[in-house]
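In: Quick one: sequence plus predicted model below, questions after.
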Amino acid sequence: MASTLEIVNRALASIATAAKDLGAIQAARLERSAVEAERDAERSELAGIKAARAREQVEFAKEQAAHSDWQQKAAKERAKSNAEIDRLQERLRALEGQVAERRAEHDSIVGGIAALAQRLKVG
């Protein structure tokens, strides 16, 4: 049978081992708490990033719609301007034709006057 001293020494050794194990458990709990706090902070930051991204996507969609609207308006204005240019070019061609006709008439009249003046001088 073991002596009282041996029993006490074994008990003290068991208590020391238990205290050491409890210290390790406490350290692991503290480390887990720190990791959980860091995880919670990262989750919060991630939620903020996701919210900012959602706001940016909404803003991008608005800007894209505005840009599309602007492109449609610009295309309508461009088509209207092109039609006006075509109309004015047609009008210009018509006027150039009239000018050519009038120039030919003018040249004919001037030629007739010159011929008449020549005949009047001769005779």
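Out: Good, I have the coordinates.
In: for this structure, what spans make up the helices?
Out: 4-122 (DSSP state H).
In: Run through it and note the low-pLDDT ranges.
Out: Scanning the chain for pLDDT under 70 picks out 122-123.
In: Show me what counts as buried in stretch 63-76.
Out: By neighbour count on 16 or more other Cβ atoms under 10 Å, the buried set for stretch 63-76 is empty. C-beta here means a position set from N, CA and C on the backbone, and glycine is covered the same way.
In: got the CA coordinates for that stretch in PDB?
Out: C-alpha atoms of stretch 63-76 as PDB (Å, rounded to 0.1, in the frame of the first residue of the first chain):
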ATOM      1  CA  GLU A  63     -25.500  55.900 -65.500                       C
ATOM      2  CA  GLN A  64     -25.900  53.200 -68.100                       C
ATOM      3  CA  ALA A  65     -29.600  54.000 -68.600                       C
ATOM      4  CA  ALA A  66     -28.700  57.700 -68.800                       C
ATOM      5  CA  HIS A  67     -26.000  57.000 -71.400                       C
ATOM      6  CA  SER A  68     -28.300  54.800 -73.400                       C
ATOM      7  CA  ASP A  69     -30.900  57.600 -73.300                       C
ATOM      8  CA  TRP A  70     -28.300  60.100 -74.400                       C
ATOM      9  CA  GLN A  71     -27.200  57.800 -77.300                       C
ATOM     10  CA  GLN A  72     -30.800  57.500 -78.500                       C
ATOM     11  CA  LYS A  73     -31.300  61.200 -78.400                       C
ATOM     12  CA  ALA A  74     -28.000  61.800 -80.100                       C
ATOM     13  CA  ALA A  75     -28.900  59.200 -82.800                       C
ATOM     14  CA  LYS A  76     -32.300  61.000 -83.400                       C
END
